[in-house]
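Trainee: kindly return the folded structure for what I paste below:
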Amino acid sequence: MQRHNIVYSRIAVALLFFFCGLVFASWASRIPIFKDQFHLNEAQLGGILFMLPLGSFIALPFAGWAVDHFGSRIMATVAAVLYVVALYSLAWCNTIILLSAGLFIFGFIGDTLNIAMNTQGLDVQQAYNQPILSSFHGLWSLGALTGALIGGWTLKQQFSTQGHFLLVLVPVVMTAIAMFFFLLPDHARKEDGKKLLAMPDRSLWIIGVICFCCTICEGGMADWSALYYQEVLDDPSKVSTHAFTAYVFTMAIGRFSGDRLIRIFRYKRMLILDGILIATGMMLALVSTIPFMVIIGFSLVGFGVSTVIPISYTMAGKSSSMKASAALAAVSTIGFTGFMIGPPIIGFIAHETSLRVALCLVILLGLCVLMLAKKAIRPNV
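Mentor: You can find the predicted model right below:
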């Protein structure tokens, strides 16, 4: 394949990741509006919001099959268009039942897009013959930041939800259709003899558990870091997102620099380093009562989790027993449960003990990543 064609393919996949983050953050920025529109309390809102990860979870087996059957090129394009259309349809939901169903569909399509665009990302990475997947995930984070900023601007300008989502719909649909012609052909990856439907082997199970550990950390940080920082400040009336912002910022920096670091340290040592950073960063945040030190600790955790998922997806794509799309779906299925059960588990432990004790779970999970990395990846990789 000619070099300039690969570059165009890389740009096309990068835009898919960027717009995926943009679409998701566009929805997230409007959650308070939906809460007020339907007069929901926190418990009711939580129940409705659960439909989105449920749809994502249910989609994973289908996504692996669809990407293999129709090709990642077609599925990435179709899913990108349907994803933003599903976003726009949420603006027209006028009952709780419709909103719940819409969020389930939104999550279902979103994870189909996730598997398709990561499969494309692995194909482009294979063509480059060097690590580049982490930068794609960094562009998802950049897209999410852009979506949040656009959401804030539309709220300030008093855009309706329909107007806001239409503003996102048009460029995403046009770009997704245009990028189809630059994505890699559907059969660029040679996977003769590999199975689509099979029980994950030992290596894939270990990689999935690594993802599971990481997603619990990510979910816990997203849901509980701001509350913990409030406790450190010892001022119930003062709400600050400084610690969480530091975590998100270093996670984005880690993803953009991750490919270069992986080339230096290789996959195994980088994953071991990630585990060390997660564990030591959380330990620093929990043993210190100085707000600045807590922020530094959360920053280390953000850098630690940044490359775990990209490395895990790369290792899954190298499976010797399953096709890449199926291996990605299998690993994602195992890992995604961490997003679903992690925050509630931390909340339960915090209720029975304290939030500081509950967040010790993140330290243990960081150590698990460190130990499992030694078993999941060959020494020379």
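
Trainee: rest of the way, CA atoms for contacts and neighbours
Mentor: Fine.

Trainee: hey, C-alpha coordinates of stretch 258-265 in CSV?
Mentor: What follows is stretch 258-265, C-alpha atoms only, in CSV (Å, rounded to 0.1, in the frame of the first residue of the first chain):
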residue,chain,number,x,y,z
GLY,A,258,1.6,6.8,24.6
ASP,A,259,2.6,5.7,21.1
ARG,A,260,6.1,7.2,21.5
LEU,A,261,6.4,5.8,25.0
ILE,A,262,5.3,2.3,23.8
ARG,A,263,8.0,2.4,21.1
ILE,A,264,10.6,3.2,23.8
PHE,A,265,9.4,0.8,26.6
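
Trainee: contacts for it?
Mentor: Gln130, Pro131, Ile132, Leu133, Ser134, Ser135, Met270, Ser306, Thr307 (CA atoms under 8 Å, 6 or more residues apart in numbering).

Trainee: that one: which residues count as buried?
Mentor: Gly258, Asp259, Arg260, Leu261, Ile262 (16 or more other CA atoms under 10 Å).

Trainee: give me the subset of those lying in strands.
Mentor: Taking DSSP state E, every one of the buried residues of stretch 258-265 sits outside strands.

Trainee: and which of the residues you listed is nearest Phe181?
Mentor: Asp259 (26.0 Å; CA to CA).

Trainee: can you pull the pLDDT of the closest one?
Mentor: At Asp259, the model reports a pLDDT of 94.

Trainee: now swap in the one 10 residues further on and tell me
Mentor: The model reports Arg269 with a pLDDT of 93.

Trainee: tally of neighbours for it?
Mentor: Around Arg269 there are 20 other residues, counting by other CA atoms under 10 Å.

Trainee: please apply the same query to Ser89.
Mentor: 18.

Trainee: ok, now Phe256?
Mentor: Neighbours of Phe256 (other CA under 10 Å): 23.

Trainee: tell me which element it falls in.
Mentor: helix 242-287 (DSSP states H and E).

Trainee: helix or strand right after that helix?
Mentor: helix 291-305.

Trainee: list the buried residues for that following helix?
Mentor: 291, 293-305.

Trainee: for the lowest-mean-pLDDT helix or strand in the chain, which positions count as buried?
Mentor: Scoring the helices and strands of the chain by mean pLDDT, DSSP states H and E places helix 42-49 at the bottom, with a mean of 78. Buried residues in helix 42-49, counted by 16+ other CA under 10 Å: Leu45, Ile48, Leu49.

Trainee: can you add distance to Ala148 and give those back as CSV?
Mentor: Formatted as CSV, the buried residues of helix 42-49 follow (distance: CA to CA, whole Å):
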residue, distance to Ala148
Leu45, 20
Ile48, 21
Leu49, 18
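
Trainee: count of neighbours near Ala12?
Mentor: Ala12 has 24 nearby residues by other CA under 10 Å.

Trainee: for it, what are its contacts?
Mentor: Ala12 touches Met179, Phe180, Phe182, Leu183, counting by CA under 8 Å, 6+ apart.

Trainee: wait, doesn't the second one sit right on Thr77?
Mentor: Spelled out, it's Phe180. Yes: under the criterion of CA atoms under 8 Å, Phe180 makes contact with Thr77 at 6.1 Å.

Trainee: with neighbour numbers in mind, choose between these two.
Mentor: Between Phe180 and Thr77, Thr77 has the larger neighbour count (other CA under 10 Å), namely 24 against 19.

Trainee: count of residues packed around Asp234?
Mentor: Using other CA under 10 Å: Asp234 sits among 11 other residues.

Trainee: can you pull the contacts of the residue nearest to Ser89 when sequence neighbours are not counted?
Mentor: Spatially, and ignoring its direct neighbours in sequence, Ser89 is nearest to Gly102 (7.3 Å; CA to CA, 6 or more residues apart in numbering). Each residue near Gly102 by CA under 8 Å, 6+ apart is listed here: Ala86, Ser89, Leu90, Cys93.

Trainee: output the contacting helices and strands for the helix or strand hosting the first one.
Mentor: Just to be clear, that refers to Ala86. Assessed by DSSP H and E, Ala86 sits inside helix 72-90. Applying 3 or more CA pairs under 8 Å, 6 or more residues apart in numbering; DSSP states H and E, one finds that helix 72-90 contacts helix 3-29, helix 96-128, helix 161-179.

Trainee: buried residues in stretch 346-355?
Mentor: Here stretch 346-355 shows Ile346, Gly347, Ile349, Leu355 as buried, counting by 16+ other CA under 10 Å.

Trainee: is the third one in contact with Leu361, as I believe?
Mentor: No: applying CA under 8 Å as the test, Ile349 and Leu361 come out as separate, 9.4 Å apart.

Trainee: from Ile48, how far out is the nearest residue to Ala86 once chain neighbours are set aside?
Mentor: Distances taken as CA to CA, 6+ apart place Phe106 nearest to Ala86, at 5.5 Å, with adjacent residues excluded. Distance, Phe106 to Ile48, by CA to CA, to the nearest Å: 13 Å.

Trainee: likewise for Phe212?
Mentor: Taken as CA to CA, the span from Phe212 to Ile48 is 23 Å.

Trainee: now do Ile349
Mentor: Taken as CA to CA, the span from Ile349 to Ile48 is 24 Å.

Trainee: kindly report the same for Ser320.
Mentor: Applying CA to CA to Ser320 and Ile48 gives a distance of 40 Å.

Trainee: just Gly297 next, same as before
Mentor: Distance from Gly297 to Ile48, by CA to CA: 33 Å.

Trainee: next: Ala252.
Mentor: Counting by CA to CA, the gap from Ala252 to Ile48 is 29 Å.

Trainee: hang on, the earlier thing: closest to Asp223 out of the buried residues of helix 42-49?
Mentor: For the buried residues of helix 42-49, the nearest to Asp223 is Leu49 (13.4 Å; CA to CA).

Trainee: does that closest one touch Leu103 like I think?
Mentor: Yes: Leu49 is within contact range of Leu103, at 7.4 Å (criterion: CA under 8 Å).
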